[in-house]
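1. got a predicted structure here, sequence first:
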Amino acid sequence: MVGKVTKCTKSALSVSIGFFEDIYLPSHLLSHPSIYIESQKAWQWLYSEDEKSPIDTKVKSELEVDPDHSYIIQKGDEVRFRVRSVDFHNAVNESARQNIKIKEEAKENVHARRRRSSSVDSTVQSSIPPCMKIIGSTNEDGLGMTSWW
């Protein structure tokens with residue numbers, strides 16, 4: 001699949017394919033070896049043609065990187081990835097639990113004002129995981145930024 005990077009963090013890349021945005025490429029499934037560059041909020045693949053002498057990511061710093069042998073992925077870039085898993089989460093159960101909790105609180109406080117809606121509170125909703133989440137990887141040939149291939 002091909003999508004656009006919407007966010008880069010030390011733990012993962014977030015990707016959107018336009019109509020769906022809950023796609024995550026965890027750091028351990030990115031092209032190896034890769035390092036996270038905090039100052040640029042980007043991931044960098046440290047490519048080495050010599051398989052016998054791989055690049056040591058612990059020693060490498062962003063100032064030492066050879067631009068001819070490294071590739072940067074940052075927000076807005078188009079990436080090709082392979083789907084590793086599709087995870088489903090039953091959000092209806094979470095919503096029902098929140099509604100039950102709201103009703104129990106209202107019963108305890110007889111003088112409580114009636115809530116505007118019995119749906120899930122938007123402040124709580126952010127902690128609820130998405131209904132569907134895709135986990136992908138770029139650690140195979142032909143995957144990564146589309147401009148690399």
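-> On my side now, so go ahead. Numbers count the residues shown, from 1 in each chain.
2. please make it C-alpha for all contacts and neighbour counts, starting now.
-> Fine.
3. check contacts around Gly144.
-> Applying CA atoms under 8 Å, 6 or more residues apart in numbering, we find Gly144 in contact with Ser31, Val79, Arg80, Phe81, Thr138.
4. could you rerun that using 7 Å?
-> Val79, Arg80, Phe81, Thr138 (CA atoms under 7 Å, 6 or more residues apart in numbering).
5. tell me the bridge partners for it.
-> Arg80 (DSSP bridges).
6. tell me how far it lies from Ser16.
-> Computed as CA to CA, to the nearest Å, the Gly144 to Ser16 distance reads 14 Å.
7. from Gly76, how far out is Ile134?
-> On the measure of CA to CA, Ile134 and Gly76 end up 19 Å apart.
8. check Ser27 too.
-> 18 Å.
9. where does this structure dip in pLDDT?
-> Within the chain, the stretches with pLDDT under 70 are 49-70, 91-128, 149.
10. and the strands in it?
-> With DSSP state E as the criterion, the chain has strands at 2-8, 12-16, 23-26, 34-37, 42-46, 70-73, 78-80, 82-88, 132-137, 144-145.
11. for the third one, which outside residues touch it?
-> What it means is strand 23-26. By CA under 7 Å, 6+ apart, strand 23-26 touches Ser11, Ala12, Leu13, Ser14, Val15, Ser16, Lys133, Ile134, Ile135, Gly136, Ser137.
12. sheet-wise, list the partners of it with their directions.
-> strand 12-16 (antiparallel), strand 132-137 (parallel).
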